[in-house]
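*Asks:* coords please:
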Amino acid sequence: MEIRELQWFVALAECEHVTSAAERLNIAQPTLSRALARLEKRMGVALFDRKQNRLHLNKYGEVFRAHAVRAISEMDRAEQRIATLIDPDTGTITLGFLHSYGTWLIPALLAGYHEIAPATTFELRGSAADAVVDGVRQGRLDLGVTSPRPADTTLSWTPLQNEPLSLLVPVGHRLASHHRVRLAELAAEDFLALQPEFGLRQVADKLCEAAGFTPRIVMECTELSTLRSLVSSGLGVAVVPATGDASAHPAGAVSVPLADPGAFRTIGVIAQAGGPRSAVVARFHHYIRSTAQPSEAEAEPEAEA
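*Replies:* Numbering: from 1, shown residues only. Predicted structure coming up:
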């Protein structure tokens, strides 16, 4: 069964006359009649009731027409979607990223790209690091902006920039007036942290391990804003980003820079190994990679679609 035969059937159902439908479709009347005969033979029933020179859809024809219209519509949508994949200036990109990047990094990236490709649209999904990695791996996300670098070797990784980390302490804390602090000084402190699936938590745990201790975490949460508020309430200290939305620190908390080597998280973009397959995603992927700061590590080589 060809899509054009479905289109012919729909036209015939609207005209209810073979001659009129053939003229409308610009095909020979016998060609249309033979196509209808093939459809009815395939279905095993007559789709029209014949009355003199007129055709009237019967109950079987009504069912078939409903499905034919949907099939034609789906094929039209498929053609449109493929056209947007071919054209790197149009189409929709599904971009995943850590929640904390949604207030500064992602808006900056999209604003810059909008000047280059204003017709490109985005579906944005903020989530935890593990969810972003899994989304790219499973194909639910076209690209992901995350930290730290995922261990999954089926994904490509391009580092973009290092984001400094700081220690957030309550006002009046013994370290609140310090210009810098080392994590080793905090072994006896109560820590507040994001849950383990979050990239910031993973980086903070490794920093504490390098400092020679396992942090005593008394509370876990899923939002940086909540984490900051908990610190402000005097419930403990926390490792937080020193950039981006750091201005959102509540009045009851003070940010102290960390002096430890490696007190930063490397932000990078991930894609499926081999690079994006569609032109619209490949172009945006190239743009993101072009924003990498010169001081960051070399991006691993990969093929672009």
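*Asks:* per-residue confidence for residue 303?
*Replies:* With respect to pLDDT, residue 303 scores 36.
*Asks:* can you check residue 148 too?
*Replies:* Confidence for residue 148, expressed as pLDDT, is 88.
*Asks:* that one - how many residues pack around it?
*Replies:* By the criterion of other CB atoms under 10 Å, residue 148 has 16 neighbours. Just so you know, the C-beta spots here come from the backbone N, C-alpha and C atoms, and that holds for glycine as well.
*Asks:* now for this structure: which strand has the highest residue count?
*Replies:* Longest strand of the chain, by residue count under DSSP state E: strand 155-170.
*Asks:* now residue 138: how far from residue 272?
*Replies:* Distance, residue 138 to residue 272, by CB to CB, to the nearest Å: 10 Å.
*Asks:* please disregard the earlier target; I meant residue 215.
*Replies:* Per CB to CB, residue 215 is found 34 Å from residue 272.
*Asks:* those two - which one has more neighbours?
*Replies:* When residue 215 and residue 272 are compared for neighbours, residue 215 comes out ahead with 24 against 19, by other CB under 10 Å.
*Asks:* do you know how far that one is from residue 167?
*Replies:* Distance from residue 215 to residue 167, counting by CB to CB: 11 Å.
*Asks:* quick one: list the elements packing against the longest strand of the chain.
*Replies:* Here strand 155-170 touches helix 129-138, helix 199-210, helix 224-232, strand 238-241, strand 253-257, strand 264-272, helix 279-290, going by 3 or more CB pairs under 8 Å, 6 or more residues apart in numbering; DSSP states H and E.
*Asks:* how about residue 222: what's its closest non-neighbour residue?
*Replies:* Leaving aside its sequence neighbours, residue 222 sits nearest to residue 195 (CB to CB, 6 or more residues apart in numbering; 5.9 Å).
*Asks:* that older thread, list the residues that contact both of residue 215 and residue 167?
*Replies:* Residues touching both residue 215 and residue 167 by CB atoms under 8 Å, 6 or more residues apart in numbering: residue 186.
*Asks:* surely residue 195 meets residue 220?
*Replies:* Yes: with contact defined as CB atoms under 8 Å, residue 195 reaches residue 220; the gap is 4.9 Å.
*Asks:* neighbour count winner among those two?
*Replies:* A side-by-side neighbour count of residue 195 and residue 220, using other CB under 10 Å, places residue 220 first with 16 against 12.
*Asks:* and that one, what are its bridge partners?
*Replies:* residue 193 (DSSP bridges).
*Asks:* identify each buried residue in stretch 69-76, please.
*Replies:* Neighbour counts over stretch 69-76 (16 or more other CB atoms under 10 Å) mark residue 72 as buried.
*Asks:* correct me, but residue 5 touches residue 32?
*Replies:* No: the criterion here is CB under 8 Å, and residue 5 misses it with residue 32 at 9.5 Å.
*Asks:* so for those two, which residue has more residues nearby?
*Replies:* Counted by other CB under 10 Å, residue 5 and residue 32 do not tie: residue 32 has more neighbours, with 22 against 16.
*Asks:* correct me, but that one touches residue 20?
*Replies:* No: shown here, residue 32 and residue 20 do not form a contact pair, counting by CB under 8 Å, at 10.3 Å.
*Asks:* how near is residue 138 to residue 125?
*Replies:* With the distance defined as CB to CB, residue 138 ends up 13 Å from residue 125.
*Asks:* go on, residue 36?
*Replies:* Residue 36 is 48 Å from residue 125, by CB to CB.
*Asks:* those two: who's more crowded?
*Replies:* Neighbours were counted for residue 36 and for residue 125 using other CB under 10 Å; residue 36 has more, 20 against 16.
*Asks:* ok now stretch 200-216, how far from the chain's centre?
*Replies:* Computed by CA atoms, centre = their mean, to the nearest Å, the separation of stretch 200-216 from the middle of its chain amounts to 29 Å.
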